[in-house]
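**Q** following is a predicted model, sequence given first.
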Amino acid sequence: MKVSKLLAGLFFCAASLGAYAQQPIVIKFSHVVAADTPKGKAAEMFAKKAADMTKGKVKVEVYANSTLYKDKEEMEALQLGAVQMLAPSLAKFGPLGVKEFEVFDLPFIFSDYDALRKVTNGAVGKQLLTKLEPKGIRGLAYWDNGFKSFSANNPIKAPTDLKGKKMRIQSSKVLEEQMRSLGSLPQQMAFSEVYQALQTGVVDGTENPISNLYTQKMHEVQKHLTLTEHGYLGYAVIVNKKFWDGLPADIRQQLEQAMEESTRYANQIAKVENDSALDAVKKSGKTSVYTPTKEERLAFKKALIPVHQKMEGRVGKDVIQAVYKDTGFKPDSL
Ligand code: LMR
């Protein structure tokens, strides 16, 4: 071989190696809600911060609105490594075998975001995330959405108003029991299917933080919304453990920093987003929004707090007691 040809070949190799080295690490971040929700916005913020902090070495591709995977599939995809990052609702970890997460679904267990924060920022929150490790998943953070309210096509003022109604739920046994305690018929289904199920009457009603209700236009196919705020919906940001552990240490550290800042942002905007979604729902005039009186809310509490004890066997009495201790919640003091 001529020397010039050899040199040209070597040059080509070096150039392509250089190009390869510059390829960014891609993180596919899949989620099921709209881009303009607390989770959607926080995911975008993470993508931006990850790019900034790693100086372009990491590219986070965010896939919103179940465009890549629906609820169940996204968990499988994460474990298989087809996507690297998700932020499923805490109500969706039961099918994975980590039932303790359903403690977050217990009705009325958190009086507000502050009470919730004591758990997610404390030992219980940390411990729960470590339970994901044997599943090949690393938990990075908790992101807020907010408090769920019931909607249906009939007015909802008392627990008996949901009797016999088919109510869509996420994949949580606690939520199933919650609906049964109201005499409703729980129907578990993926988030991406809820609008159509409501529209066609496959289900009569549902429960959601208002940001989810509004961005999926569910208020257009539900005549009544009652601001029961009877339960919490938030997220665990999770990554494929093998992928995460395999990142160069400096990059992982930069991403952890990006996550910390995005988490602060997520938890700052959640309430604001839900409040503005509520304003928009009211303005739309498509559904009538009812604020229950103190007595009416108490009736829902009386009907639903027994769910805590009923689900001890599923969630773990110790976990429930630990949450009570962190929040000061007393199930008997209604
Ligand atoms: C739901 O399925 O209702 C929620 O988990 C959707 C979400 O991710 O907020």
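**A** In hand now; what should we look at?
**Q** wait, what's in contact with the residue nearest to F329 when sequence neighbours are not counted?
**A** Spatial nearest neighbour of F329, chain neighbours left out: I109 (5.9 Å); criterion: CB to CB, 6 or more residues apart in numbering. (C-beta placed from N, C-alpha, C; glycine too.) Contacts for I109 (CB atoms under 8 Å, 6 or more residues apart in numbering) come out as V103, G231, Y232, H308, V323, Y324, T327, F329.
**Q** would you map the strands across this protein?
**A** Applying DSSP state E to the chain gives strands spanning 25-30, 58-63, 85-86, 137-152, 166-169, 185-188, 206-208, 224-240, 288-290.
**Q** make TSV from those strands and add mean neighbour count to it.
**A** Formatted as TSV, those follow (neighbours: other CB atoms under 10 Å):
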stretch	mean neighbour count
strand 25-30	20
strand 58-63	18
strand 85-86	26
strand 137-152	24
strand 166-169	22
strand 185-188	17
strand 206-208	27
strand 224-240	23
strand 288-290	15
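**Q** so which of those gets nearest D250?
**A** Among the strands of the chain, the nearest to D250 by CB to CB is strand 58-63 (11.2 Å).
**Q** give me the contacts around the closest one.
**A** Counting by CB under 8 Å, 6+ apart, 24-31, 35, 40, 43-44, 46-47, 50-51, 69, 83, 85, 251, 254-255 sit against strand 58-63.
**Q** so for that strand, mean pLDDT?
**A** On average, the pLDDT along strand 58-63 is 98.
**Q** parallel or antiparallel, list what pairs with that strand.
**A** Sheet partners assigned to strand 58-63 using DSSP bridges are listed as strand 25-30 (parallel).
**Q** re the thing from before, mind giving me the PyMOL command for buried ones among the contacts of I109?
**A** With 16 or more other CB atoms under 10 Å as the criterion, this PyMOL line picks the buried residues out of the contacts of I109:
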select buried, resi 103+231+232+308+323+327+329
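**Q** can you list the contacts of I109 in a markdown table and add distance to K286 and pLDDT?
**A** Output for the contacts of I109, formatted as a markdown table (distance: CB to CB, whole Å; pLDDT from 0 to 100):
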| residue | distance to K286 | pLDDT |
| --- | --- | --- |
| V103 | 34 | 98 |
| G231 | 24 | 98 |
| Y232 | 26 | 98 |
| H308 | 35 | 98 |
| V323 | 36 | 98 |
| Y324 | 39 | 98 |
| T327 | 35 | 96 |
| F329 | 35 | 95 |
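**Q** farthest-apart pair in the contacts of I109, please.
**A** G231 and Y324 (15.7 Å).
**Q** helices - which of the contacts of I109 land there?
**A** If you go by DSSP state H, these have H308, V323, Y324, T327 in helices.
**Q** and the third one, how far from A115?
**A** When distance is defined by CB to CB, to the nearest Å, Y324 is 10 Å away from A115.
**Q** what is the mean pLDDT for stretch 164-173?
**A** pLDDT averaged over stretch 164-173 gives 98.
**Q** residue in the stretch 1-150 of the chain nearest to the ligand?
**A** Here the residue of the stretch 1-150 of the chain nearest the ligand is S89; by CB to the nearest ligand atom that distance is 3.1 Å.
**Q** what's the neighbour count on that residue?
**A** 27 (other CB atoms under 10 Å).
**Q** ok, it - contacts?
**A** If a contact means CB under 8 Å, 6+ apart, then S89 has N145, Q170, L233, G234, Y235 as its contacts.
**Q** go again with 6 Å.
**A** Listed by CB atoms under 6 Å, 6 or more residues apart in numbering, the contact set of S89 reads Q170, L233, Y235.
**Q** pretty sure T263 sits against G139.
**A** No: at 11.9 Å, T263 does not count as touching G139 under the criterion of CB atoms under 6 Å.
**Q** for the most centrally placed residue in the chain, give me the pLDDT.
**A** Taking CA atoms, centre = their mean, the centroid of the chain lies closest to S89, which sits 2.6 Å from it. Model confidence at S89, given as pLDDT, is 98.
**Q** and it, how far is that from D318?
**A** 23 Å.
**Q** so Q254 touches T54, yeah?
**A** Yes: Q254 is within contact range of T54, at 4.9 Å (criterion: CB under 6 Å).
**Q** more neighbours, the two?
**A** Set Q254 next to T54 and count neighbours by other CB under 10 Å: T54 wins out with 23 against 20.
**Q** relative to R264, how far out is that one?
**A** Taking CB to CB, one finds T54 at 19 Å from R264.
**Q** and if you look at E44?
**A** Taking CB to CB, one finds E44 at 15 Å from R264.
**Q** look up which residues are beta-bridged to the closest residue to A236 other than its chain neighbours.
**A** The shortest distance from A236 to any non-neighbouring residue, by CB to CB, 6+ apart, is to G139 (5.2 Å). With DSSP bridges as the criterion, G139 is bridged to I238.
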